[in-house]
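1. everything below, folded, please.
(2 chains)
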Amino acid sequence: MNLGRTVNVSENISCDQQEFVLVVLSAPSKMKFRGKMVEIICIQQFTKVVATVAKVAKIVALRLSPSHLFLVLNEQVVNGGTSMWCSLSQDHFFNEYNMEGVSAENNEIYLELTIENLLRALKSAHSAKSLKIKLTKKRVPCLTIEVELPSLVSASRIVIHDVPVAVIPRRLWDEFQEPEMPDFDTVSASREGEMTLTVETDLVTVKTYFKDLDMSVEGKNVQSQSNSSDCLPWVEARVDIRKLSQFLVGQQVNPLRVICNIVHNRMIHFFLLHDDLSLQYFLPCIAS
Amino acid sequence: MKGIIPGNNVKVFGRAIHALAKIGEDIYIESEEAGLFLQTVNSARSAYACLCLSPHFFAIYEEGSGIKWKVAMKSCMMAFKSLTSLEKNVDKCCLELGTNEDKLIVQLHQKHGMVKTFYIPVIESETLQAVFQKNGSASTLTAQSRLMSDGIQNFQASVEEVTLSVSPDKVTLCNFVDDEPDPTKVVHTALSLEPEEFENYQLNHCAEITFCLKEFRAVLTLSEGSNVPVSISFEDPGRPIIFSVKIEPDLEADFVLATLADHNKGQLSSSGSSSPQRNINKPTSVVVSRPRKSLNNKHAQEVVSKQALHLPLTSTSPSMEHKEMEEYVVPGTPPSKRFCSMFLGLSQPSQFTSMAPDPDEVLAEATDEEES
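-> Predicted structure coming up:
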């Protein structure tokens, strides 16, 4: 991910707009976004999702569509090649949600931002009465987080954070599409619902055995394989333990369901599912 | 001097030391009839704190006339490191300092008859005298510590300076964003508070004052623990801002912080927090809180403290000071000079030259220049 490539876009943004006016591009139409959350549970859950993403990513793309918000990490192979895809249903989180994309046929907005900045801004909102998120043009395009906090008097305390963002131009959108589900060799480590987690160092090898795991039948190959032999070979993926534990320790979504997919010697794919959000994390194998 | 602090005041005293420790590296101790005075100043000489403990703060207080000593903050902190342990275990604390001794003796009498004794070496016989006016034409706001600490929690930990903007119907606190790092990549945060949330709201004119958050946090260390209000007095940008804390009835503290001088004062109210013009005139970064490590520099400061600190209070009339400051400030001067807004009568060369016997002598400024 490279912030530099989007610099030319911000030049196109007309500068005559002052504060509190939504961002205007010289591109065919205006981009607008304004959302408001009122329920504290939603605000907190949203913050937790952002915190989870912030554990594994520094710079992410925020994609806004009329129905969903997506947080996308698309790391290049040289930087480790992990990727994340987090989808949030807007009507679950937001009480008001208005957006206008680049154009009628491409009614979406793609932004690039430092996720830690967004997270810190959201931390103001742990006891907020309301939280507004909007796209604004200050000196640079910003995602403005407006937090209304309770006070001792009738009027509220207002905290405004302007998180700088870069607008991702239309031609680069293809890089941020939902990753295709790979063809899984199997849906778990073995057909019997066993999984082994192995840590190997020069001095010690630790194996943890998990048994009686649920097997969901989703991968294409499972159907054919299940008809064949009972003793299928174990599949293996060797991954960076720091990244794995960062993700597992850092996740605050507390999902209803977690699916771990393993592609033999290629990647591990985590699928965290909760009511109105899903989070996918792709962790590629490292050379053994 | 001898003082015995009763158990219920030990924690307050500990917190006071902690608050001072967030500002300076030395404590200046003076014992007078009116009480015990503890003072500190930061290495950039842009923040100063003075604590007065009245004789009633102590169970026993014997004044030691003429005691003006300096001890290292680090040594003091050894004795008062853990506030929870002070609160839980310490029944009383004895301070002892003789005129001819070279040690401050701190004894913590703990439960089960345990006594911890700390011998804190006295560095020098020296005092600190600050030149500032507390009750000038200043505006004063008073608020509960809780309001302040809740407010500054919204700022990122990396924020060094904040700007307080006060108008009759609104108080805004925002992070001060300098040219470095790239201001377009920095999160701008602004907190608005209603005047009704303040206990006292006495405003002479609208102002935008920029000061360091680190020292402000030190103030709150002291006030929040005792849950007492903080009074903020300020005048114009460039004039010191004073935070006063009173822990009834026996402890009073003033924290005097330098503020950033502003040069487009006329445009300020209309142009918002950062017009490009204003940025050009600003020093690249305003670091008042970083300790200087250069030995050279430290030496220079010692010289300054001996010479300039004993300046009589009357030597600086506020108006003069202000004028001189405006003349002196040149774009591109090292930040510390500008930010050290002259309340100690120290960092200001024009004052030195007018008061020091020889204009070519000493002065921290020369060392500063070399360093930068």
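2. residue boundaries of the helices in the chain?
-> You didn't say which chain, so I picked chain A. A:7-12, A:40-56, A:90-93, A:115-123, A:220-227, A:241-250 (DSSP state H).
3. nope, chain B please
-> So, for chain B - with DSSP H - the helices run B:7-21, B:73-79, B:83-89, B:145-152, B:213-226, B:265-271, B:276-280, B:295-308, B:318-328, B:335-339, B:349-355, B:364-371.
4. next, count neighbours for the spatially closest residue to A:Leu143 that is not a sequence neighbour.
-> Sequence neighbours aside, A:Val163 is the residue nearest to A:Leu143 in space, at 4.7 Å (criterion: CB to CB, 6 or more residues apart in numbering or on different chains). C-beta here means a position set from N, CA and C on the backbone, and glycine is covered the same way. A:Val163 is flanked by 26 other residues according to other CB atoms under 10 Å in any protein chain shown.
5. what's the answer for the one 5 residues further on, then?
-> Using other CB under 10 Å, A:Ile168 has 21 neighbouring residues.
6. quick check, it in contact with A:Tyr110.
-> Yes - with contact defined as CB atoms under 8 Å, A:Ile168 reaches A:Tyr110; the gap is 3.8 Å.
7. between those two, which contacts overlap?
-> A:Ala61, A:Phe176 (CB atoms under 8 Å, 6 or more residues apart in numbering or on different chains).
8. for the chain, give me the ranges with low pLDDT.
-> Reading this off chain A. Within chain A, the stretches with pLDDT under 70 are A:1-29, A:77-79, A:181-193, A:214-233, A:288.
9. nope, chain B please
-> Using pLDDT under 70, chain B drops low at B:99, B:135-137, B:180-181, B:263-372.
10. quick check: residues of it near chain A?
-> B:147, B:150-151, B:153-154, B:156, B:183-194, B:196-197 (CB under 8 Å from any CB of the partner chain).
11. identify the residues contacting residue 35.
-> I'll assume chain A. A:Gln90, A:Phe93, A:Phe94, A:Glu96, A:Tyr97, A:Asn98, A:Met99, A:Lys132, A:Ile133, A:Lys134.
12. sorry, I should have been clearer: chain B.
-> B:Cys52, B:Leu53, B:Ser54, B:Pro55, B:Phe57, B:Tyr61.
13. now the nearest residue to the first one once chain neighbours are set aside: how far from B:Asp169?
-> When you say that, I think you mean B:Cys52. Excluding the flanking residues, the one nearest B:Cys52 by CB to CB, 6+ apart is B:Glu252, at 4.8 Å. The gap separating B:Glu252 from B:Asp169 is 31 Å, by CB to CB, to the nearest Å.
14. who has more neighbours, these two?
-> Between B:Glu252 and B:Asp169, counted using other CB under 10 Å, the more crowded position is B:Glu252 (16 against 6).
15. pretty sure B:Phe13 is touching B:Cys93, no?
-> Yes - with contact defined as CB under 8 Å, B:Phe13 reaches B:Cys93; the gap is 6.7 Å.
16. who touches both of those two?
-> In contact with both B:Phe13 and B:Cys93: B:Ile5, using CB under 8 Å, 6+ apart.
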